[in-house]
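Asks: I need the structure of the sequence given here:
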Amino acid sequence: MYGVFTKSTMIVAALMLIAGSTFAGEVVSNNSKWAKDYPEQYESWKMTAKSDKIIDMLEEKPQLVILWAGYGFAKDYNAPRGHFYALQSNQNTLRTGAPVDEKTGPMPTACWTCKSPDVVRMIDEDGENEYFTGKWAKYGDEISNSIGCADCHDSGTAELALSRDYAKRAFTEIGHDVNKLSDNDLRSMVCAQCHSEYYFKATEWTDKDGNKKTAKVVTFPWLNGTSAEAMETYYDQRNFKDWTHKISKAPMLKAQHPGYEIYLTGVHAQNDVTCADCHMPDGTHHVGSPMENMGETCLNCHADEKILRDNVARKLERKEELMETAMDNLGKAHLEAGKAWEVGATEEEMAGILQDIRHGQWRWDYSIASHGSFFHAPEETLRLLASANDLAQVARIKLAKVLARHGAADFVAPDFSTKEKAQQLAGVPLNKLVDDKEAFRKGLLKDWEKSAIDAGKLDPAIKKGMSDNTSYN
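Replies: Next comes the predicted model:
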């Protein structure tokens, strides 16, 4: 049924291989070095540079600040801009802080993992455990190319390939033989290496010199399955938390971007339509929404463009409505829990409430963090949002009883309808964060870029005309 996609893109893949030279014995992370042999693919990849607009999601959805209070996303969170700007977004965000040397800054090296083919090179050179050990700034002058060729293609053959061992382990856990994957499997799985839920698993190891170290290894929580509830159970069984909420004190989970897992529950996956079929038609590397090029994507299978556009718009509207309701109720639950602690609630009184908040927010976050979930699997997205809202409401009913018991029955959650109001409630020191970040961007970040260019790891031509937009300058 969907052979029209596979045939055209397989022809492009074959032509790429015929084109010739590949890079034996090394991981070629400098995207520009692929341009000679694959000029059309390289030029289409560069077209994602047009996605340079910053959309400050904390301005758009200020509830997010309350939901993520005490976590990095409450500082800064923008809508994704595409592969060309992925690395810059990682360098510029307030979440990665303002390191002054290779050992400072709030984040581990794992935060580079899905942003650059240089990650593949560094794991190849240093080993996986060493790569995942230390601070984000440790590899600042090495990770210099944004998501590109070696993330998805073998440098020796140019064929599609899983480039990250953690992804191979995860696919093995859910029953795939990673040594026998079909081309069609890989057309989604290479995307899933990054567009999946993960956490940083603390892993003890000993280096070649006998030094004991701790690596924060990217790990997919798929041991119990790939559903939201299966991963929720995985985390609960390990008493894992990404952070303790600053207001409610709930042990929280932060969904990353489980696009692959959500996709698996939808009609496209059930009919063997791959990620590349819709997001990379005819081999283009200008990865984007299939709605932007429906003649080459959707209309290969769907008959009427207007009907399809109307259906998609209606699905988005439904998702937005239920998402807003869930966010509002979760935000109020956090604030009401904070008040409950303030007036003397006990840990025994709060334990079940905090678990409801944890599970409700996980299901909300999981359902929308993959961005296109309403398109990939609208029924599953709405189911999870409904469950999230239900758990938030259950928590609030329990909180009303606790507040009444402690003489605060008339408490009303304060207004968090703007980013400024929400960040004040969440205690985000925005001015200091911005000042520190700007000092980093003008200093150490410039040094990293110069070092990469001088070492031949980054083509300076890529930087010409590249915007440097942020949400704070």
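Asks: please count neighbours and contacts with C-alpha atoms only from this point.
Replies: Will do.
Asks: so what's the residue count around the residue nearest to Gln423 when sequence neighbours are not counted?
Replies: Leaving aside its sequence neighbours, Gln423 sits nearest to Val65 (Cα to Cα, 6 or more residues apart in numbering; 6.1 Å). For Val65, the count of nearby residues is 32 (other Cα atoms under 10 Å).
Asks: same check on Asp177?
Replies: 12.
Asks: which residues touch it?
Replies: Asp177 makes contact with Phe171, according to Cα atoms under 8 Å, 6 or more residues apart in numbering.
Asks: and it, which of the three is it?
Replies: coil (DSSP: H, G, I helix; E, B strand; the rest coil).
Asks: how about it, phi and psi?
Replies: phi -90, psi 100 (degrees, to the nearest 10).
Asks: what does Lys201 give?
Replies: phi -90, psi 120.
Asks: hang on, isn't it packed against Thr214?
Replies: No. Using Cα atoms under 8 Å, Lys201 is not in contact with Thr214; the gap is 9.6 Å.
Asks: how about the contacts made by Thr219?
Replies: Applying Cα under 8 Å, 6+ apart, the residues near Thr219 are 166-167, 170, 198-201.
Asks: mind jotting down where the strands sit in the chain?
Replies: Assigned by DSSP state E, the chain shows strands spanning 199-206, 212-219, 243-244, 251-252.
Asks: same list, those strands, but as CSV with distance to Val287 please.
Replies: As requested, the strands of the chain are exported to CSV (distance: least, Cα to Cα, whole Å):
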stretch, distance to Val287
strand 199-206, 25
strand 212-219, 24
strand 243-244, 33
strand 251-252, 32
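Asks: how about these in JSON lines, adding mean pLDDT and distance to Ala439?
Replies: Below are the strands of the chain laid out as JSON lines (pLDDT from 0 to 100; distance: least, Cα to Cα, whole Å):
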{"stretch": "strand 199-206", "mean pLDDT": "98", "distance to Ala439": "28"}
{"stretch": "strand 212-219", "mean pLDDT": "98", "distance to Ala439": "27"}
{"stretch": "strand 243-244", "mean pLDDT": "98", "distance to Ala439": "27"}
{"stretch": "strand 251-252", "mean pLDDT": "98", "distance to Ala439": "31"}
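Asks: give the closest residue to Ala74 in space, chain neighbours not counted.
Replies: In space, and not counting its chain neighbours, Ala74 is closest to Val65: 4.5 Å by Cα to Cα, 6+ apart.
Asks: for Pro281, give me the pLDDT.
Replies: Per-residue pLDDT puts Pro281 at 93.
Asks: now swap in the one 5 residues further on and tell me
Replies: At His286, the pLDDT value in this model is 93.
Asks: same question for Ser21.
Replies: 53.
Asks: run a quick neighbour tally on Asn184.
Replies: Close neighbours of Asn184, defined as other Cα under 10 Å, add up to 17.
Asks: excluding chain neighbours, what is closest to it?
Replies: Thr274 (7.0 Å).
Asks: my guess is the one you found contacts Ala192. True?
Replies: No. Counting by Cα under 8 Å, Thr274 sits too far from Ala192 to count as a contact (10.9 Å).
Asks: neighbour count winner among the two?
Replies: With other Cα under 10 Å as the criterion, Thr274 and Ala192 differ in neighbour count, and Thr274 comes out ahead with 23 against 20.
Asks: and the closest residue to Ala439 other than its chain neighbours, its phi and psi?
Replies: Spatially, and ignoring its direct neighbours in sequence, Ala439 is nearest to Ala98 (7.6 Å; Cα to Cα, 6+ apart). Ala98 adopts backbone torsions of phi -140, psi 70, taken as degrees, to the nearest 10.
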